[in-house]
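Peer 1: What follows is a protein structure lacking sequence information:
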(Lines give C-alpha, C1' and ligand atoms only; values in the text may rest on other atoms or scores of the structure.)
Protein backbone atom coordinates (compact mmCIF):
# COMPACT_ATOMS: atom_id res chain seq x y z
CA UNK A 1 0.00 0.00 0.00
CA UNK A 2 2.88 2.38 0.79
CA UNK A 3 4.32 1.69 -2.69
CA UNK A 4 1.09 2.88 -4.37
CA UNK A 5 1.11 6.08 -2.33
CA UNK A 6 4.66 6.97 -3.35
CA UNK A 7 4.30 5.74 -6.94
CA UNK A 8 1.84 8.54 -7.72
CA UNK A 9 4.16 11.25 -6.30
CA UNK A 10 6.33 11.55 -9.44
CA UNK A 11 3.19 11.94 -11.53
CA UNK A 12 1.96 14.74 -9.26
CA UNK A 13 5.35 16.48 -9.38
CA UNK A 14 5.44 16.30 -13.20
CA UNK A 15 1.87 17.66 -13.42
CA UNK A 16 2.75 20.58 -11.12
CA UNK A 17 5.86 21.40 -13.15
CA UNK A 18 3.82 21.47 -16.34
CA UNK A 19 0.97 23.54 -14.88
CA UNK A 20 3.00 25.92 -12.69
CA UNK A 21 3.94 28.37 -15.48
CA UNK A 22 0.31 28.58 -16.58
CA UNK A 23 -0.87 29.20 -13.04
CA UNK A 24 1.74 31.84 -12.23
CA UNK A 25 0.72 35.15 -13.72
CA UNK A 26 3.20 37.88 -14.43
CA UNK A 27 2.60 41.10 -12.49
CA UNK A 28 1.33 44.29 -14.05
CA UNK A 29 4.35 46.42 -15.05
CA UNK A 30 3.77 49.40 -12.78
CA UNK A 31 6.29 52.21 -13.25
CA UNK A 32 7.36 51.02 -16.72
CA UNK A 33 6.77 52.75 -20.02
CA UNK A 34 4.72 50.69 -22.45
CA UNK A 35 4.70 51.56 -26.16
CA UNK A 36 1.75 50.71 -28.40
CA UNK A 37 2.66 47.87 -30.73
CA UNK A 38 1.68 49.59 -33.97
CA UNK A 39 3.42 50.84 -37.07
CA UNK A 40 4.62 54.45 -36.87
CA UNK A 41 2.55 57.06 -38.62
CA UNK A 42 4.02 58.67 -41.69
CA UNK A 43 5.85 61.89 -40.88
CA UNK A 44 6.00 61.30 -37.12
CA UNK A 45 8.50 59.65 -34.79
CA UNK A 46 6.07 59.85 -31.87
CA UNK A 47 4.40 56.62 -30.73
CA UNK A 48 1.55 56.21 -28.23
CA UNK A 49 2.82 55.26 -24.77
CA UNK A 50 1.38 54.70 -21.32
CA UNK A 51 3.04 54.52 -17.92
CA UNK A 52 1.02 53.44 -14.89
CA UNK A 53 2.28 54.04 -11.34
CA UNK A 54 1.51 51.81 -8.33
CA UNK A 55 -1.14 54.29 -7.11
CA UNK A 56 -2.98 54.06 -10.45
CA UNK A 57 -2.00 57.44 -11.83
CA UNK A 58 -1.02 57.17 -15.45
CA UNK A 59 0.62 59.30 -18.07
CA UNK A 60 -0.69 58.71 -21.59
CA UNK A 61 0.88 60.03 -24.79
CA UNK A 62 -1.01 59.52 -28.03
CA UNK A 63 0.14 60.57 -31.51
CA UNK A 64 -0.82 64.22 -30.93
CA UNK A 65 -2.06 64.75 -27.39
CA UNK A 66 -1.00 63.75 -23.90
CA UNK A 67 -3.13 63.42 -20.78
CA UNK A 68 -3.26 61.86 -17.33
CA UNK A 69 -5.55 59.00 -16.40
CA UNK A 70 -6.57 56.90 -13.42
CA UNK A 71 -5.96 53.20 -14.05
CA UNK A 72 -7.45 50.49 -11.86
CA UNK A 73 -5.77 47.08 -12.01
CA UNK A 74 -7.22 44.07 -10.22
CA UNK A 75 -6.31 40.50 -11.07
CA UNK A 76 -6.96 40.32 -14.81
CA UNK A 77 -9.21 43.39 -14.94
CA UNK A 78 -8.16 46.89 -15.92
CA UNK A 79 -9.94 50.18 -16.49
CA UNK A 80 -8.63 53.49 -17.79
CA UNK A 81 -10.40 56.76 -16.91
CA UNK A 82 -8.88 59.92 -18.43
CA UNK A 83 -8.45 62.74 -15.87
CA UNK A 84 -10.07 65.14 -16.63
CA UNK A 85 -11.99 63.63 -19.50
CA UNK A 86 -9.51 63.89 -22.34
CA UNK A 87 -10.32 65.17 -25.78
CA UNK A 88 -8.22 65.52 -28.87
CA UNK A 89 -9.57 69.04 -29.50
CA UNK A 90 -6.37 70.37 -27.94
CA UNK A 91 -4.19 68.73 -30.60
CA UNK A 92 -1.47 71.03 -31.91
CA UNK A 93 -2.22 72.64 -35.26
CA UNK A 94 0.79 70.77 -36.67
CA UNK A 95 -1.01 67.48 -36.09
CA UNK A 96 -2.47 66.16 -39.33
CA UNK A 97 -6.09 64.93 -39.45
CA UNK A 98 -4.99 61.28 -39.78
CA UNK A 99 -3.19 61.45 -36.42
CA UNK A 100 -6.06 63.36 -34.77
CA UNK A 101 -8.50 60.65 -35.96
CA UNK A 102 -6.16 57.93 -34.69
CA UNK A 103 -5.96 59.70 -31.32
CA UNK A 104 -9.77 59.78 -31.12
CA UNK A 105 -10.01 56.06 -31.89
CA UNK A 106 -7.25 55.16 -29.41
CA UNK A 107 -8.77 57.33 -26.68
CA UNK A 108 -12.12 55.58 -27.18
CA UNK A 109 -10.45 52.14 -27.13
CA UNK A 110 -8.58 52.95 -23.89
CA UNK A 111 -11.80 54.13 -22.21
CA UNK A 112 -13.45 50.77 -23.06
CA UNK A 113 -10.66 48.51 -21.73
CA UNK A 114 -11.87 45.88 -19.26
CA UNK A 115 -8.98 43.45 -18.91
CA UNK A 116 -5.29 42.79 -19.38
CA UNK A 117 -2.75 40.00 -19.61
CA UNK A 118 1.01 39.89 -19.83
CA UNK A 119 3.38 37.57 -21.59
CA UNK A 120 6.95 38.66 -20.94
CA UNK A 121 7.44 42.11 -22.43
CA UNK A 122 4.04 42.17 -24.16
CA UNK A 123 0.98 43.52 -22.34
CA UNK A 124 -2.44 43.22 -23.96
CA UNK A 125 -5.31 45.46 -22.91
CA UNK A 126 -8.62 43.84 -23.82
CA UNK A 127 -12.06 45.22 -24.48
CA UNK A 128 -14.00 45.74 -27.70
CA UNK A 129 -10.57 46.49 -29.20
CA UNK A 130 -7.39 44.70 -28.11
CA UNK A 131 -4.38 46.97 -27.68
CA UNK A 132 -0.89 45.46 -27.54
CA UNK A 133 1.88 47.28 -25.74
CA UNK A 134 5.56 46.45 -25.43
CA UNK A 135 7.65 47.24 -22.38
CA UNK A 136 10.36 49.76 -23.07
CA UNK A 137 13.70 48.22 -22.18
CA UNK A 138 16.00 51.25 -22.45
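Peer 2: Perfect, thanks for sending it. A quick note: this is a predicted structure, and the numbers were derived from the prediction, not measured.

Peer 1: show me where the protein has strands.
Peer 2: For the chain, applying DSSP state E gives strands covering 33-36, 49-52, 57-61, 66-74, 77-83, 115-119, 122-126, 131-135.

Peer 1: Touching, residue 53 and residue 31? I think so.
Peer 2: Yes - with contact defined as CB atoms under 8 Å, residue 53 counts as touching residue 31 (6.0 Å). From N, CA and C alone the C-beta is placed, and that goes for glycine too.

Peer 1: Spit out the contact partners of the nearest residue to residue 121 once chain neighbours are set aside.
Peer 2: In this structure, residue 121 finds its nearest non-sequential neighbour in residue 135, 4.3 Å apart by CB to CB, 6 or more residues apart in numbering. Residues counted as contacts of residue 135 (CB atoms under 8 Å, 6 or more residues apart in numbering) are 29, 32, 33, 34, 121, 122, 123.
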